[in-house]
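K.L.:
I need the structure of the sequence given here:
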Amino acid sequence: GARGTTEVWDILEEVIREHPVMLNRAPTLHRLGIQAFEPVLVEGKAINLHPLVCTAFNADFDGDQMAVHVPLSLEAQLEARSLMMATNNILSPANGDPIIVPSQDVVLGLYFMTRERVNAKGEGMAFADIEEAKRAYDAGQADLQARVKVRIREVEIGEDGSRREKYSIIDSTVGRAIVFEIVPDGLPFSLVDQPMGKKAISNLINASYRRLGLKDTVVFADQLMYMGFRFATRAAVSFCANDMVVPEEKTEILARAEEEVKEIENQYISGLVTNGERYNKVVDIWSHTNDQVAKAMMAKLGKRKVTDHEGNEVEQDSFNSVYMMADSGARGSAAQIRQLAGMRGLMAKPDGSIIETPITANFREGLDVLQYFISTHGARKGLADTALKTANSGYLTRRLVDVAQDMVVLEEDCGTEEGLVMQPIIEGGDVVEPLRERILGRVTAVDLYRPGSDELVCEAGTLLDEEWVDTLERVGIDQVVVRSAITCKARVGVCAQCYGRDLARGHRVNQGEAVGVIAAQSIGEPGTQLTMRTFHIGGAASRSAAVNNIQVKTGGTVRLHNIKTVKHAAGHLVATSRSGELTVVDEVGRERERYKVPYGATLQVADESPVEGGQIVANWDPHTHPVITEVEGTLVFVDFVDGVTVQSQVDDVTGLSSLVVIDPKQRPAAGKDIRPMVKLVDAEGNDLNIAGTDIPAHYFLPSEAIVGVQDGAAVGVGDVLARIPQESSKTRDITGGLPRVADLFEARKPKDQAILAEATGTVSFGKDTKGKQRLVVTDSEGEQHEELIPKWRHVNVFEGEHVVKGDVISDGELNSHDILRLKGVTDLAEYLVKEIQDVYRLQGVKINDKHIEVIIRQMLRKVEVVSSGDSKYLKGEQVEKASLLEEAEQLRKDGKHPALYEPLLLGITKASLATESFISAASFQETTRVLTEAAVRGSSDSLNGLKENVIVGRLIPAGTGLSYHKDRRRKRMEVAMEEEIKPELVAEEVEQAFKEALNTPEVE
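P.N.:
Residues are numbered from 1 along each chain as shown. The predicted model follows:
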């Protein structure tokens, strides 16, 4: 009967007491997909899971299944409790932010209680302490959102653990005071004195973890959750159709857009624009309109005019439920509200092209049949994509894990002084990623000095924590050289100093941490959130191209980087270089804004000149590419044959005639190999040279260039000789999302790749071959480097121009192999990290740079031997870098010449198959091939990585298994020392042990 069940319960209680169990939710995409918990007995047939760990498991309560594993052995229980317990996994290994952050209802509840309402009940009351404020709220005398005065107690905890109590009367709301009651000692009130959206709550938990440690934070997060749920219930936020407010301005905005579209249609009919331009402009207009409607809608939803108790009209954030849900970060986004109450906007066809007639209605107004049909069309494709995406993302993760699996932290410090230069990422006037985000938790590679003086701020080998980062920011340092996995000199694995902080624990990384697998999981896990193909995201790609000036946002000093300019007769400067950049720095010398300056832009400012915010410092014509003269003189046309190489056109609108160079394919046979050019001569008719060189000023004109000057005209420095329409460089489809990341990691050669200069020097054009043009770069020693470029490629450089090795000569996608060959490892690392981060940033995913760097290190494992010296390697052989360096060290000791090598970049699949261990390679892909080749070679596998050991069923040499392997090795050594070295001992292990024996005294 009833007594029996209670006994069963008691026995069960006894059995499970102090015995953790492990829960795992099906797609285990990162290590937080398996965590250990203390079980609690409950009635019913379902597992009850704590809401705060749902984010990590990506679980929800609609029928998800989880597996329960029981660790049996004592060691297993110990590891489950000390390493895998949910309370120990507060921070995400991918970015170091808290991962047990409340979401959904909890956020809404906390947000609602920390908002402020003008004229709420009880406004202006004063309370002796938080308890009293709470009583007033419970009695219904004061509203949560009422602004009141409350006396609160804040505690400051010093470095040494000393506590200082401080009482003060704050002017805040009742709700914020109630929240502050559960905030642990040591955190200031200012952290909760704001509407607590998801971001603010995350900061609060982060601050708690950094200042007070793990235990307090876990308890605090739990209390936050209970409070959030309780007050979300009290708030009773719900919404109805009337909450989706459609702005009145919508009709007017739409009418304006219709007008503009009609205007463009007319231009197209009268032949002023091509069909492609018309389509792009229409799409542009509609995406712009969509943004305007959305702005109007958010302004309408988000603000409310109310009368305060003095009778003045004031504006406050509205209490519209839909707005609150989005603003707090609980659910929904501006983009979703836009579809509810703005306009649905442009839809894409399944092939990714945009249908140029947008859906102007929204869900509140309802869609008509056509609009509904177009909508369904897009939605179905979305579902099909999701299925593909999951599979692709899983495969990417698998390749990443495979390439990085044997990256383990094996030594403390490799002692290198190399590193990567970190700067804030600035695009246009926005700081996309500040310096502090990029260097937090990294180790400095060189001493840092205060800018402009020789005062040491921070010495090499310092792990930069939050305090250091603040210090550096205060001093105004805007670039830091930090150690990186890519430059780490460790033979196997990576050293702790080069890796820096273990993001999931918040301190320096421990030996034996499997950083490779963590990196792979951190990059692969958000993969499912990345889109499959990005459509030209609402024409955003084409819109950014139509920028035609630089307008600075903040005042400061202008600096020009890498720009060659010539001074025009009218007094302004004209840029004559391609990769120029203009930055604005503040009075400390910190970079605030960074802009690209295209060739032919007119600059209104010189280097180091002051500017005000809002000033336009440069402008250019976005639709054409000019050819600019750098000398003054008289023009002579060469090889201009009307009807053969050029034809004259009369502009309908202006009535001016101009010459257009005919595309070689369309020319009559006589003009196929003739290249029209403009040369400059002085008054006597002699060729003029480009300033400072002995190269004549000849400007070859590419096909379709429009020449606006007359033969024999006098021109001055900086004048435009011809314009090349931008339509000629067709807009390439940007592969975004997952395929882009995969392409970068696989180091694939892009379709139309950019052509880079092979050397530094002066450009000239040699004799053309059939279908190719010959470009010659003459370096300072007078040596010539030739490149053959297809005729149809548009070449950016002109005769006599100076290029630097690695400059872009013909636009296109950059090829990572070229960057490595011409610019070296650090430039390659910078490029790959930036490109990969751009994709993730677009989706709002935060991943720390070091994970990407760990993968890049693995892609650079192999080198190609350039000359063999006295080594055993052959020229052109591909070798593991570590073994080559080891041999080189040996040869140097004997006074012989080591092999010279060039770094090689392998894609992740190739790198995985090329690893030393054949067991790991065979378990990855192409098993038969790998095994037959290994058999033919007679390879041996020393079981160094993780995968090999899993396959043969040993403990892995990482984490707690690392000490086990070291111990076994040591015991084997001792036995071997006693009874002479036995032959089955692997030579490498002996070497390893000797090294360890030699290195022990040096450890501090």
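K.L.:
Low-confidence stretches in the stretch 251-400 of the chain?
P.N.:
350-352 (pLDDT under 70).
K.L.:
can you pull out the strands in it?
P.N.:
303-307, 313-317 (DSSP state E, counting those that start in this stretch).
K.L.:
Take those and lay them out in TSV including distance to residue 475.
P.N.:
Glycine gets a C-beta too; all of them are placed from N, C-alpha and C. Converted to TSV, these look like this (distance: least, C-beta to C-beta, whole Å):
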stretch	distance to residue 475
strand 303-307	40
strand 313-317	37
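K.L.:
Is residue 618 bridged to anything, and to what?
P.N.:
Taking DSSP bridges, one finds residue 550, residue 603 as the beta-bridge partners of residue 618.
K.L.:
Out of the strands of the stretch 251-400 of the chain, which gets nearest to residue 965?
P.N.:
strand 313-317 (58.9 Å; C-beta to C-beta).
K.L.:
just to revisit the earlier point, quick one, which of the strands of the stretch 251-400 of the chain gets closest to residue 200.
P.N.:
strand 313-317 (14.3 Å).
K.L.:
Show me what the closest one is packed up against.
P.N.:
In this structure, strand 313-317 packs against strand 303-307, with contacts taken as 3 or more C-beta pairs under 8 Å, 6 or more residues apart in numbering; DSSP states H and E.
K.L.:
CA atoms only: put the strand it packs on into CSV for me.
P.N.:
Listed in CSV are the C-alpha atoms of strand 303-307, where the atom choice follows Å, rounded to 0.1, in the frame of the first residue of the first chain:
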residue,chain,number,x,y,z
LYS,A,303,7.6,55.9,-28.1
ARG,A,304,4.5,57.2,-26.4
LYS,A,305,3.5,60.8,-25.5
VAL,A,306,2.2,61.1,-22.0
THR,A,307,1.4,63.8,-19.5
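K.L.:
So what are the sheet partners of that strand and their directions?
P.N.:
By DSSP bridges, strand 303-307 pairs with strand 313-317 (antiparallel).
K.L.:
Name the residues of the strand it pairs with that are buried.
P.N.:
For strand 313-317, burial by neighbour count (16 or more other C-beta atoms under 10 Å) applies to 316-317.
K.L.:
what residues does it touch?
P.N.:
Here strand 313-317 makes contact (C-beta atoms under 8 Å, 6 or more residues apart in numbering) with 115-118, 195, 302-308, 323, 327.
K.L.:
and residue 974, what helix or strand is that in?
P.N.:
Secondary structure from DSSP states H and E places residue 974 in helix 960-978.
K.L.:
For that helix, give the mean pLDDT please.
P.N.:
Averaged over helix 960-978, pLDDT sits at 84.
K.L.:
now stretch 86-104
P.N.:
Mean predicted confidence for stretch 86-104 is 88.
K.L.:
Skipping adjacent residues, who's closest to residue 610 in space?
P.N.:
Excluding its sequence neighbours, the residue lying closest to residue 610 (C-beta to C-beta, 6 or more residues apart in numbering) is residue 557, at 5.7 Å.
K.L.:
on that earlier part again, of all the strands of the stretch 251-400 of the chain, which lies closest to residue 177?
P.N.:
Distance to residue 177, taken as C-beta to C-beta, is lowest for strand 313-317 among the strands of the stretch 251-400 of the chain, at 19.6 Å.
K.L.:
Buried residues, stretch 416-424. List them.
P.N.:
By neighbour count on 16+ other C-beta under 10 Å, the buried set for stretch 416-424 is 416, 418-420, 422, 424.
K.L.:
contact partners of that stretch?
P.N.:
When contacts are defined by C-beta under 8 Å, 6+ apart, stretch 416-424 is touched by residues 431, 433-435, 438-439, 442, 444-446, 460, 478-484, 486-489, 498, 591, 826, 829-830, 853.
K.L.:
which residues are contacting stretch 178-187?
P.N.:
110, 113-114, 130, 133-134, 137, 144, 152, 155-157, 163, 189, 191-192, 196, 204, 207-208, 211-212, 216-217, 219-220, 223-224, 227.
K.L.:
Quick one: buried ones out of those residues?
P.N.:
Here, 16+ other C-beta under 10 Å leaves 110, 113-114, 130, 133-134, 137, 144, 152, 189, 191-192, 196, 204, 207-208, 212, 216-217, 220, 224, 227 buried among those.
K.L.:
So which residues of the stretch 801-950 of the chain form helices?
P.N.:
Under the criterion DSSP state H, counting those that start in this stretch, the stretch 801-950 of the chain contains helices at 816-823, 825-842, 849-859, 881-893, 908-913, 918-922, 927-937, 946-952.
K.L.:
Tell me which of these sits most buried.
P.N.:
helix 849-859 (a mean of 26; mean count of other C-beta atoms under 10 Å).
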